[in-house]
Structures are given as C-alpha cells and as structure tokens.
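A.B. asks: Structure, please.
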Amino acid sequence: MTNKTIIIIASVCIILGLVGGIVIGYVLYNPETVVETDSKEKPQKDGSVVIQKVIDTVLQDKLIKVKDTKIVKEIEIRVTPGAKDTIRDTVVSGDTVRITSTVNCDTVKITMHILRHKDNSLSVQAKATGGEIVGAIDIPRENVQIPKKTKNRIGLDYTYQFTESKQSVGLSYSRDIGPFVLGGRSGLNISDPSDIYAGASVGIRF
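C.D. replies: Predicted coordinates:
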C-alpha cells in the first residue's frame, strides 16, 4: 500500500469521524421539539380552571416585556362576578337596610406572562383590565436547576503518523474565553520518549 493510498484512507476516516461526531452531537443535544396542541379549559371541583392553551393567538392588550427574561406562556383569564357577589347600593334607615339598586359589574380580564430568567428561574407578570390588582404572591413549588457552565476541557491526545508509522500520546487542554477557544497539546513518541511534541490552537465558538 503506497503512502498516497494511506493518506487518502486516513483522510476519508477523519472526514467520516467528524461527520459522525457532528450528527451524534446534534441528536444528543438538540432533542426534537414538540408543539403543544390546544385544549379546552377544564373546570375543577374546587372551582378553579385548568386554563385552555392558546396557540399562535395575538392578544390585543400586550404586557411590556420584562428585561432579561423570556416569555414561556401568555395566559388570559376573564372573571365576572357571580350572583352572590353582585354589588348592591343600599340605604340604611335606623335598623332597616333598603336595597336601592344593583350595580352591574363588568368582566375583569387578567393577562399573565410566565417568565423565565437567565438563571432558569420562573416568575409571573400579571395585569388586570377592568379592575385593579390589590395583591399577589408567587410561590415556587420546585427547585431551580441552574446548568453549570464549563469553560475548561482536558483530554487524552493520540497521534499516528502514517508516513513514518510513529505513534504519540499526550494531553490536550482548551478553554473558552468569550467567543474564542484557546488550546494546546503536548506529548511524546511511544517508541522514542525523547521525541516530544507541542502545539497550540485557536478557534471560535458558534
């Protein structure tokens, strides 16, 4: 087998390895996105409602986006007073209370955003139309899992020279600095430990 043939075979193996690595990395780190389907609201026994999911609906009254957050969901709730909650004007005369008129209450619309912050925590932004929010509380029910950002990488480096049939082993190191990746590697020849190599690299993350 000639050196040219060996170089061609090695090049093809390297290309196939790179392509395979890219495909495997994409599959592992880019899971399939599932689009939610809409569903009707479901009344619960306690009077609460599992809110209907709205897909691609533009609401007229938009909330101002909170800085450094991502809107996870936009929710609209409409509330109208029940019969027992109807407000009435009354006149008190001695021990007598006389109802003079019934006040018709308009429907109150509450628009909410579920927000995701940069640290992966969630919060709620709410706005009332037709009424005034007098109080609210956001109670987290699960722990926030903050992904650890790694900047350093270290690994084992193996090199095989086809022309001279030389094998070398060593260590490689790289670090993310802003958008750049700086690295270096060093090692020695397995057959001749005095034959030491070293190298450096620079790249960009995207």
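
A.B. asks: contacts, neighbours, all on C-alpha from now
C.D. replies: Noted.

A.B. asks: what residue lies at the spatial centre of this protein?
C.D. replies: What sits nearest the mean C-alpha location of the chain, by C-alpha atoms, centre = their mean, is Asn120, with 7.2 Å.

A.B. asks: Where does that residue sit: helix, strand or coil?
C.D. replies: Secondary structure, DSSP: H, G, I helix; E, B strand; the rest coil: Asn120 is coil.

A.B. asks: Check the gap between it and Lys149 for me.
C.D. replies: Per C-alpha to C-alpha, to the nearest Å, Asn120 is found 13 Å from Lys149.

A.B. asks: Centre of the chain to stretch 68-88, how far?
C.D. replies: Relative to its parent chain, stretch 68-88 has a centroid offset of 27 Å by C-alpha atoms, centre = their mean, to the nearest Å.

A.B. asks: Can you tell me the closest non-neighbouring residue to Ser201?
C.D. replies: Gly183 (5.0 Å; C-alpha to C-alpha, 6 or more residues apart in numbering).

A.B. asks: okay, now the one you found: neighbour count?
C.D. replies: By the measure other C-alpha atoms under 10 Å, the count of residues near Gly183 is 18.

A.B. asks: ok, now how distant is it from Ser174?
C.D. replies: Gly183 is 4 Å from Ser174, where distance means C-alpha to C-alpha.

A.B. asks: Lys151 against Gly178, yeah?
C.D. replies: No: between Lys151 and Gly178 no contact is recorded; they are 9.7 Å apart, counting by C-alpha atoms under 8 Å.

A.B. asks: Please enumerate the shared neighbours of these two.
C.D. replies: Here Lys151 and Gly178 share no contacting residue, scored by C-alpha atoms under 8 Å, 6 or more residues apart in numbering.

A.B. asks: With just CA atoms, put stretch 128-137 into PDB.
C.D. replies: The C-alpha trace of stretch 128-137 is given here as PDB (Å, rounded to 0.1, in the frame of the first residue of the first chain):
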ATOM      1  CA  ALA A 128     -55.700  43.500  35.100                       C
ATOM      2  CA  THR A 129     -58.100  45.300  32.700                       C
ATOM      3  CA  GLY A 130     -61.400  46.400  34.200                       C
ATOM      4  CA  GLY A 131     -60.100  46.100  37.700                       C
ATOM      5  CA  GLU A 132     -57.100  46.700  40.000                       C
ATOM      6  CA  ILE A 133     -54.700  44.200  41.300                       C
ATOM      7  CA  VAL A 134     -54.500  44.700  45.100                       C
ATOM      8  CA  GLY A 135     -52.100  41.900  45.900                       C
ATOM      9  CA  ALA A 136     -50.400  38.800  44.600                       C
ATOM     10  CA  ILE A 137     -47.900  36.200  45.600                       C
END
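
A.B. asks: tell me the average confidence for that stretch?
C.D. replies: For stretch 128-137, the mean pLDDT works out to 82.

A.B. asks: outside of it, which residues touch it?
C.D. replies: Residues outside stretch 128-137 that contact it (C-alpha under 8 Å, 6+ apart): 106-111, 127.

A.B. asks: Much appreciated, bye for now.
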